[in-house]
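# Have a look at this fold, sequence not included:
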């Protein structure tokens, strides 16, 4: 079963670390991202999507921007398996669908 699980995990996920020493492993892990190009992508995402929203309950001045200080990859095998199943359902439903009118 371990081999089948490992084959369906993304590249770079370490099954041994996810399992740990416990017999009741939760297949969950966190991994710091140190690749500057990946961190830059998150900064771009944050910069492009941030919008100042003034609300009645905010009395302080709002930040004009944010800076990504760190990125952590969440490795959750259970959630990833659910994602793969849902992706398969969506893929199959799109195979027979007509493209939307342009």
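Good, I have the coordinates. Note that the structure is predicted; figures quoted are calculated from it, not measured.

# farthest residue from the center of the chain?
Here the centre of the chain is the reference, and by C-alpha atoms, centre = their mean the most remote residue is residue 59, at 33.1 Å.

# Tell me how far it lies from residue 75.
Shown here: residue 59 relative to residue 75, a distance of 40 Å by C-beta to C-beta, to the nearest Å. No exception for glycine: its C-beta is placed from N, CA and C like everyone else's.

# And residue 60, by the same measure?
36 Å.

# more neighbours, those two?
residue 75 (19 against 5; other C-beta atoms under 10 Å).

# Now that one, what are its backbone angles?
The phi/psi pair for residue 75 (degrees, to the nearest 10) reads phi -110, psi 100.

# And it, what's its pLDDT?
For residue 75, the pLDDT comes out at 87.

# so it makes contact with residue 28?
Yes. Using C-beta atoms under 8 Å, residue 75 is in contact with residue 28, at 6.8 Å.

# can you list residues touching both of these two?
Common contacts of residue 75 and residue 28, defined by C-beta atoms under 8 Å, 6 or more residues apart in numbering, comprise residue 18.

# A strand includes the residue farthest from the centre of the chain, no?
No. Using DSSP: H, G, I helix; E, B strand; the rest coil, the assignment for residue 59 is coil, not a strand.

# Quick check: the gap between residue 66 and residue 42.
Taking C-beta to C-beta, one finds residue 66 at 11 Å from residue 42.

# who has more neighbours, these two?
residue 42 (13 against 10).

# For residue 74, see how far away that one is.
Taken as C-beta to C-beta, the span from residue 42 to residue 74 is 13 Å.

# Assign a three-state SS to residue 11, would you?
Residue 11 ends up coil, using three-state DSSP.

# so how far is stretch 43-60 off the chain centroid?
22 Å (C-alpha atoms, centre = their mean, to the nearest Å).
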